[in-house]
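Undergrad: need a 3D model of the sequence below.
(chains A and B)
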Number of protein chains: 2
Amino acid sequence: MHTVSAAEKIILNHALDLGWEEVPLGETLGRILREDLVADRDFPPFDRVTMDGIAIQHEEFAQGRRSFAIAGVQAAGSPQQQLSDPTGCIEVMTGAMLPVGTDTVIQYEQLKIENGKATLLAESVNFRQNIHFKGIDRKAQDRIVAKGKKMGPAEIATAATVGKSVLRVSRLPRTAIVSTGDELVGVDETPLPHQIRSSNAFAIQALLQEQYGVKSKLFHYPDTREAIQAGLSEIFDSFDLVVLSGAVSEGKYDFVPQILQTLGVEKCFHKVSQRPGKPFWFGALAGKAVIFALPGNPVSAFMCACRYLLPFLSHSLAESRRGPEMAMLMEKVTFNPALTYFLPVRLESGTEGVLQAYPLPGHGSGDLANLNDADGFLELPLDQDVFLPASVFPLHRYRF
Amino acid sequence: MHTVSAAEKIILNHALDLGWEEVPLGETLGRILREDLVADRDFPPFDRVTMDGIAIQHEEFAQGRRSFAIAGVQAAGSPQQQLSDPTGCIEVMTGAMLPVGTDTVIQYEQLKIENGKATLLAESVNFRQNIHFKGIDRKAQDRIVAKGKKMGPAEIATAATVGKSVLRVSRLPRTAIVSTGDELVGVDETPLPHQIRSSNAFAIQALLQEQYGVKSKLFHYPDTREAIQAGLSEIFDSFDLVVLSGAVSEGKYDFVPQILQTLGVEKCFHKVSQRPGKPFWFGALAGKAVIFALPGNPVSAFMCACRYLLPFLSHSLAESRRGPEMAMLMEKVTFNPALTYFLPVRLESGTEGVLQAYPLPGHGSGDLANLNDADGFLELPLDQDVFLPASVFPLHRYRF
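TA: Okay, here's the model as predicted:
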């Protein structure tokens, strides 16, 4: 049996090399950038006016001038003008180029404009005020966004600004999600008393789509060796990532580990010292696919997807990730088995800036309903039995 | 000039009533639920075996029996069996119905199976162990997920389990994002020295899509009264939500507020005591559309979208939201103007469970590049000038 960290290490060592593809800017939201976004010119590209008002030479103000003849208007989006007579001024608009021969901008709120003259109402005018100077944010050729970043609104706006209408992003894995189990029927079917509707595949599919935009394909096979083997052997030809749930434990119909090995999948580990999710099986088909065979219980399958599958994807997509999120346990928890306990928790942002985790243990690995009330799993280490309030642990969050 | 909270209140009072629509389950990720998800039967629907092993009558164990003749196998997905001879047992698989006449499950790890008999290796067997009892999680007709929730992986799995292949979710607003400004050129164009490429519309579009799945349409008009007025008057006929950026300030070409009023849009406020984003204009066209006219500077426009547009959408979609997120300021900040200061911050999850906010003030409202390094805005109140390390403020986060 592997520890959680040993299992994680093995999984990350099997990260896929998915390469990259070019995608139109409008479709890059949530994708992982595979090239740096570089300033095509200085940011800002010219001395940019930041207030509507007038541009003057500060020296004139310093020498006592308080009234300036308006020599013209410099609009945003118009070619740069020039103030020829330093005793005058040019009206300037936010976003405009600062006219040649001026160095300071005074906003309208501090002026009276009358008869072609701008007269100062304020007492102080700072040299070079209200100008966003060329290159102060970034210089041409500076890296603005490093590859590995997930594309969000700011990155998309930046790509637009530097003229990238097509971006290189990590290719997504072709992903199959396979459920097994004769007890499972479809969403539109009415289960018999001994049956339930399928749900794991939907949860995992939604998680992968939400976090990384992965669109996965769902498969279901009945609990027979033949059906599972035939189905999987076909899947391995056309998918990079195969996520199974169910039939990985000790039961008479838990054919999955055996079938995977028959199909040439190298077993990396079977069983992790954790609750839920102990029967988790992980393997790889050299050069073809990586296989997560998750336990069939809904909380186990979902927890394993959050704890192992998401970091695996992050690595495979060459995402630069930040450190783990930490949360403070708010109530005492006792857990005796020598297993890492992934405790479902409800999160609250406390007035002290602390991310508070309230235990929602639920009724075990079958308690799907409980996942709706929880926001994530707190990872309580296996070498401890009693977890005191105000202690802090890593959090695996699935709701933000 | 309105305060931030006054502006927010007015905006929320203008929330749209968008109604609902029915959407196939597979397309509901990120949508706001408009009906309760109710248990169609008990959760779990039967006494469900949680370990592979055997089911017995505990009374037999209590009276000293340690070996049980195997009378059959109860697989998951098979109709319920019955243990007729209480001295025997039935092999049971995870997910199966507990057989009639049994009340306790012993896992294989604690058994030796030989010659049709299961012999106990463990010393203790708890009455009713390893059974997930019918109805213990939720009773039939219990509400599992309340309307107003954003659909995530757990909610999607739950909907699947209760047989909802189509869900009632909030209709999304038909959204137009309009940019104005002669200084703006398209992503694929090469700007002249006095021009820049458009970016605000992309940032806002991505934000709305990411947070609420809103797919908005982009428009751009040159800085002439005629072009803006003609464009907007057409837009108002077919959009619920119109977000403009630029031309709302004091400049000579800042026609937007005047045009909006000409077109019959009621001005709710113009200017908010905040930095960035002071010239923010907000209004409504009765029974037709709500108009956010944001300042044109990229940080201003984006901050206003995060701070005002997202809560507005949340309200309009009838989302049940949690309280504000709080973060701890990690460095001293001084800000004298009598304005609420939305400080860009980089976030870190501290080992103490504290969400730490490191100031990244950047170079003002034009510093788009800085938004890539920041994760959100810390809202520093206007009645304070000095903000000390370790003090806690509301956070408006755009990166998770």
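Undergrad: and residue A:259, that's in a helix?
TA: Yes - read with DSSP: H, G, I helix; E, B strand; the rest coil, residue A:259 is one of the residues of a helix.
Undergrad: please report how far it lies from residue A:7.
TA: Distance, residue A:259 to residue A:7, using C-beta to C-beta, to the nearest Å: 21 Å. Every C-beta, even on glycine, is put in place using the N, C-alpha and C of the backbone.
Undergrad: hmm, residue A:77 and residue A:49 touching each other?
TA: No - with contacts counted by C-beta atoms under 8 Å, residue A:49 stays clear of residue A:77, the gap being 11.8 Å.
Undergrad: neighbour count for these two, which is higher?
TA: Ranked by neighbour count (other C-beta atoms under 10 Å in any protein chain shown), residue A:49 and residue A:77 place residue A:49 first, with 28 against 21.
Undergrad: tell me the phi and psi of the more buried one?
TA: Phi and psi for residue A:49, reported as degrees, to the nearest 10, are phi -70, psi 140.
Undergrad: who's it bridged to?
TA: residue A:131 (DSSP bridges).
Undergrad: just the pLDDT at it, thanks.
TA: Per-residue pLDDT puts residue A:49 at 95.
Undergrad: mind listing what it touches?
TA: A:55, A:74, A:76, A:92-98, A:105, A:130-132 (C-beta atoms under 8 Å, 6 or more residues apart in numbering or on different chains).
Undergrad: again with residue A:380
TA: A:329, A:333, A:335, A:340-343, A:387, A:393.
Undergrad: can you redo these as JSON lines with pLDDT?
TA: Formatted as JSON lines, those follow (pLDDT from 0 to 100):
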{"residue": "A:329", "pLDDT": "98"}
{"residue": "A:333", "pLDDT": "98"}
{"residue": "A:335", "pLDDT": "98"}
{"residue": "A:340", "pLDDT": "98"}
{"residue": "A:341", "pLDDT": "98"}
{"residue": "A:342", "pLDDT": "98"}
{"residue": "A:343", "pLDDT": "98"}
{"residue": "A:387", "pLDDT": "98"}
{"residue": "A:393", "pLDDT": "98"}
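Undergrad: and the two most separated of those residues?
TA: Across the contacts of residue A:380, the longest distance by C-beta to C-beta is 14.5 Å; it joins A:329 and A:340.
Undergrad: is there a neighbour count for the spatially closest residue to residue A:193 that is not a sequence neighbour? I'd like the number.
TA: In space, and not counting its chain neighbours, residue A:193 is closest to residue B:46: 6.3 Å by C-beta to C-beta, 6 or more residues apart in numbering or on different chains. The tally of other residues near residue B:46 (other C-beta under 10 Å) stands at 19.
Undergrad: overlap in contacts, residue A:49 and residue A:77.
TA: Contacts common to residue A:49 and residue A:77, judged by C-beta under 8 Å, 6+ apart, are A:95-96.
Undergrad: circling back: for the residue nearest to residue A:193, helix, strand, or coil?
TA: Classified using three-state DSSP, residue B:46 is coil.
Undergrad: residues contacting it?
TA: Contacts of residue B:46 by C-beta under 8 Å, 6+ apart are A:193-194, B:80, B:97-98, B:134.
Undergrad: number of residues surrounding the residue nearest to residue A:257 when sequence neighbours are not counted?
TA: Closest residue to residue A:257 apart from its sequence neighbours, by C-beta to C-beta, 6+ apart: residue A:281 at 5.3 Å. Counted with other C-beta under 10 Å, the neighbours of residue A:281 add up to 25.
Undergrad: show me what contacts residue A:281?
TA: A:248, A:256-257, A:260, A:267, A:269-271, A:291, A:293.
Undergrad: swap in residue A:247?
TA: Listed by C-beta under 8 Å, 6+ apart, the contact partners of residue A:247 are A:180-181, A:223, A:228, A:253-256, A:296.
Undergrad: as a markdown table, these with secondary structure, distance to chain B and pLDDT would be great.
TA: As requested, the contacts of residue A:247 are exported to a markdown table (DSSP: H, G, I helix; E, B strand; the rest coil; distance: C-beta to the nearest C-beta, whole Å; pLDDT from 0 to 100):
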| residue | secondary structure | distance to chain B | pLDDT |
| --- | --- | --- | --- |
| A:180 | strand | 10 | 88 |
| A:181 | coil | 6 | 84 |
| A:223 | coil | 7 | 84 |
| A:228 | helix | 14 | 93 |
| A:253 | coil | 6 | 85 |
| A:254 | coil | 7 | 87 |
| A:255 | coil | 12 | 89 |
| A:256 | helix | 13 | 92 |
| A:296 | coil | 6 | 90 |
